[in-house]
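>>> how does the following fold in three dimensions:
(chains A and B)
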2 protein chains.
Amino acid sequence: MARSPTASEIREPKTIADVRDALVRVAGCGVCHTDAGFLDSGVRTRHPLPLVLGHEISGYVEDAGSAFRQLVGRAVVVPAVLPCGICADCRAGRPTVCACQVMPGNDCDGGFATHVVVPARSLCEVPGATQDPDAPLSGGTTLRHMAVVADAVSTAYQSVHRSGAARGDAAVVVGLGGVGGYAAQIARDRGAAGIHVDRDHGRAAVDVDPARLEAARAQGAAGAIDPSGLSGKEVRARVQAAAREAGAAASGWKIFECSGTAAGQATAFGLLGPAATLMVVGFTLDAVTVRLSNLMAFDAKAVGNWGCDPAHYPEIVRMVLDGRIDIVSSTQMRPLSAVGRVFEELREHRVSGRVVLVPDEEARA
Amino acid sequence: MARSPTASEIREPKTIADVRDALVRVAGCGVCHTDAGFLDSGVRTRHPLPLVLGHEISGYVEDAGSAFRQLVGRAVVVPAVLPCGICADCRAGRPTVCACQVMPGNDCDGGFATHVVVPARSLCEVPGATQDPDAPLSGGTTLRHMAVVADAVSTAYQSVHRSGAARGDAAVVVGLGGVGGYAAQIARDRGAAGIHVDRDHGRAAVDVDPARLEAARAQGAAGAIDPSGLSGKEVRARVQAAAREAGAAASGWKIFECSGTAAGQATAFGLLGPAATLMVVGFTLDAVTVRLSNLMAFDAKAVGNWGCDPAHYPEIVRMVLDGRIDIVSSTQMRPLSAVGRVFEELREHRVSGRVVLVPDEEARA
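Coordinates of the predicted model:
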């Protein structure tokens, strides 16, 4: 079990030891399902424990190695997966499987801290940011909110990008938690008709979340379906009806499994149809029983998504600043000292939307 | 259960009723796993029974509708999946999921006959063919052998094409039956290092086929692995060792599941690694239990393949005529009247390689 940072650790100053690194003062660090996996579900961190968790970081560069001096003073988003840029995989255009990749809070100390040392190469500058992390950059978005771009938004972005979702497609999002909500927004931005399937898949505490589906409808979703008590065929029929009503194509559905549960994966796999693309975005250690040959019979595919190529980040930041992705309404700020309580609330399913932890000396009410 | 054609049916002359159709005199028709599925495993044909099976056809165009008169007299391969060319899916570049597609022996009477009527639009001419179906076109290849191009070779081709297999990749073929053997050849033609995993997955009659693995080694495979009695991890370790020895990349494996069995699919899924592509080529009604999230964790994908876009056929025919794909050594000719016996032998696993049925009045010893 990874431990939560203690007060002494989160205030400990850090220094860079490598010319390729940068020292980032944390403005905010998002709390991710993956962190809960490390803490509670036996998912192992790649770096041995003890380790400070947190991989969804925005902040200011306070120091940087010689090749990256120009970054000092800049406001940045730290991509959750930082590839080396020089290995065979990076050169072959598959940076997200770089074997030397650094993920804060997994390969090195992460962002549940005041400062973090990370490779400088892939940091993404946030244009227009001042030295005040609470100053609005656009609408109500601040640099602290930008923390969620590091993983939740960028994972959703790369998933939608890889799916090829475009105008006229049905984009079916299973699980409307953090990542799923962003995937729905990004698919809609590309002109796809959003159809959202949500319940609290297989979890005991909460059964259905009508509020999420209501919000999805309010945000212009073509369909919002609660699969509770429905057979796979019935869910499929409802999605078909919603797609038809929205004028979306009957084939080539883009399905985004974002619940990270076996029940959600079974639902999503059951939605496969002709030329469908199932994006496996959420993670669970649980296995599912599926007829894999349906991929063949439907000429369909199931595509995994790990992190996001840093090359996509400038466009994602632009989309947020343009208001095409709303990261404010689903995000709540909490002081870093409340990290233990936040994980308690997550376990009890009492958190809706994304939590961003803010180092205490800077936290505002 | 679909019935086998009777002698009266296979000699019944047919005529075209639609200006878009062609009447093809069958030179040869391959016997496919899919036919056995229709006959024995409860897989349903799309056209109601009775129906003449057979979708792997080569032959001569004897008659054609007004728009296709230029085809009359030509030697052709009939693609197993014939898309309409005008629907939304065809125009969107996904002809293999065309809802109006015609597959002989599934949507209409097929090629276990002397003649077959099919849509003319996608027929692929065989350059250099004379009016003698037994005349060598190149090496020992005749127009009759070309029947296997209609499905087994073209399915393998599109699978390799979609996988993106290229020089330096490890191409792992699970199941070396007809389609798997062609996939191995086509991947090798693209410079990938072939690693072959074969046993008679989960079938009772035959346990392992050492002859196939021996043949694979003889054909220049980098590795030939019998997974019998090995754990998934052990199979993976052997494939890793073979890939390393062949100088192939440790990531981005292209894995071709061609056995069409749940055991083969489990083996193939267990081989997933960073940025791997699993092509689901074989079909089985059986389900498998897998950790679908491995696709996410490995940034990998599983891609189904139904048929082959007719646009690929001219290149495939060229590869066969150039000797880059050998379709002779794995093919045996049998008279059409022996169709019942051939299916008996298939059931008893006494057939190695592909059987092409030849209408009797033309069959040679």
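
>>> helix or strand next in line after the helix or strand containing residue A:162, which one?
In the assignment (DSSP states H and E), residue A:162 maps to helix A:152-163. Next helix or strand after helix A:152-163 toward the C-terminus (DSSP H and E): strand A:170-174.

>>> got the CA positions of that next one in PDB?
Listed next in PDB are the C-alpha coordinates belonging to strand A:170-174 (Å, rounded to 0.1, in the frame of the first residue of the first chain):
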ATOM      1  CA  ALA A 170     -22.400   8.000 -32.600                       C
ATOM      2  CA  ALA A 171     -20.000   8.500 -29.600                       C
ATOM      3  CA  VAL A 172     -21.200   6.200 -26.800                       C
ATOM      4  CA  VAL A 173     -19.600   6.900 -23.500                       C
ATOM      5  CA  VAL A 174     -19.900   4.200 -20.800                       C
END
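
>>> could you give the mean pLDDT of it?
When pLDDT is averaged along strand A:170-174, the result is 94.

>>> which pLDDT value belongs to the closest residue to residue A:286 other than its chain neighbours?
Leaving aside its chain neighbours, residue A:286 sits nearest to residue A:262 (4.0 Å; criterion: CB to CB, 6 or more residues apart in numbering or on different chains). C-betas here are computed from N, CA, C, even on glycine. In this model, residue A:262 is scored at 94, pLDDT.

>>> for residue A:306, see how far away residue A:262 is.
19 Å (CB to CB, to the nearest Å).

>>> picking that back up, isn't the residue nearest to residue A:286 up against residue A:288?
Yes. Counting by CB atoms under 8 Å, residue A:262 touches residue A:288, with 4.9 Å between them.

>>> near the single nearest residue of the stretch 51-200 of chain A relative to chain B, how many other residues are there?
Residue nearest to chain B within the stretch 51-200 of chain A (CB to the nearest CB): residue A:97, separated by 3.8 Å. Neighbour count of residue A:97, defined by other CB atoms under 10 Å in any protein chain shown: 23.

>>> backbone dihedrals for it, please?
phi -110, psi 10 (degrees, to the nearest 10).

>>> that one against residue B:299, yeah?
Yes. If you go by CB under 8 Å, residue A:97 and residue B:299 touch, sitting 5.0 Å apart.

>>> which residue packs closest to the closest residue to chain B within the stretch 151-300 of chain A, ignoring adjacent ones?
Using CB to the nearest CB, residue A:295 is the residue of the stretch 151-300 of chain A that sits closest to chain B, at 3.1 Å. Among residues not flanking residue A:295 along the chain, residue B:304 sits closest, at 3.1 Å (CB to CB, 6+ apart).

>>> repeat that for residue A:166.
Nearest one to residue A:166, counting by CB to CB, 6+ apart, is residue A:190 at 5.7 Å.

>>> so where's the longest strand in chain A?
Longest strand in chain A by number of residues (criterion: DSSP state E): strand A:21-30.

>>> helices or strands up against that strand?
strand A:57-64, strand A:75-78, strand A:115-119, strand A:354-358 (3 or more CB pairs under 8 Å, 6 or more residues apart in numbering or on different chains; DSSP states H and E).

>>> again, only this time at 7 Å
If you count contacts as 3 or more CB pairs under 7 Å, 6 or more residues apart in numbering or on different chains; DSSP states H and E, strand A:21-30 packs onto strand A:57-64, strand A:115-119, strand A:354-358.

>>> and the next element down the chain from it?
helix A:33-40.

>>> quick one: contacts for the residue of the stretch 151-300 of chain A closest to chain B?
Counting by CB atoms under 7 Å, 6 or more residues apart in numbering or on different chains, residue A:295 touches A:301-302, B:280, B:302-304.

>>> if you set the cut-off to 10 Å instead, what comes out?
Residues near residue A:295 by CB atoms under 10 Å, 6 or more residues apart in numbering or on different chains: A:269, A:272, A:276, A:278, A:301-302, B:257, B:278-281, B:283, B:301-306.

>>> doesn't it belong to a helix?
Yes. Read with DSSP: H, G, I helix; E, B strand; the rest coil, residue A:295 is one of the residues of a helix.

>>> picking up where we left off before, how deep is the residue nearest to residue A:295 tucked in, by neighbour count?
Residue B:304 - counted by other CB under 10 Å - has 26 other residues nearby.

>>> show me the strands in chain A, by range?
A:21-30, A:57-64, A:75-78, A:115-119, A:124-125, A:170-174, A:193-197, A:223-225, A:254-257, A:277-280, A:288-290, A:301-304, A:331-335, A:354-358.

>>> dump the longest helix seen in chain A to CSV, keeping only the CA atoms.
Secondary structure of chain A per DSSP state H: the longest helix is helix A:232-245. Extracted C-alpha coordinates of helix A:232-245, given in CSV (Å, rounded to 0.1, in the frame of the first residue of the first chain):
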residue,chain,number,x,y,z
GLY,A,232,-27.1,-6.2,-23.0
LYS,A,233,-29.6,-6.4,-25.9
GLU,A,234,-31.9,-3.9,-24.4
VAL,A,235,-29.0,-1.4,-23.7
ARG,A,236,-28.0,-1.9,-27.3
ALA,A,237,-31.5,-1.3,-28.6
ARG,A,238,-31.7,1.9,-26.7
VAL,A,239,-28.4,3.1,-28.0
GLN,A,240,-29.5,2.2,-31.5
ALA,A,241,-32.7,4.2,-31.0
ALA,A,242,-30.8,7.2,-29.7
ALA,A,243,-28.3,7.1,-32.6
ARG,A,244,-31.1,6.9,-35.1
GLU,A,245,-32.9,9.8,-33.5
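
>>> in it, what counts as buried?
A:235-236, A:238-240, A:242-243 (16 or more other CB atoms under 10 Å in any protein chain shown).

>>> mind showing which ranges of chain A have poor pLDDT?
A:1-13, A:199-220, A:362-365 (pLDDT under 70).

>>> spatially central residue for it, please.
residue A:152 (1.5 Å; CA atoms, centre = their mean).

>>> grab the nearest non-local neighbour of that residue.
residue A:178 (4.5 Å).
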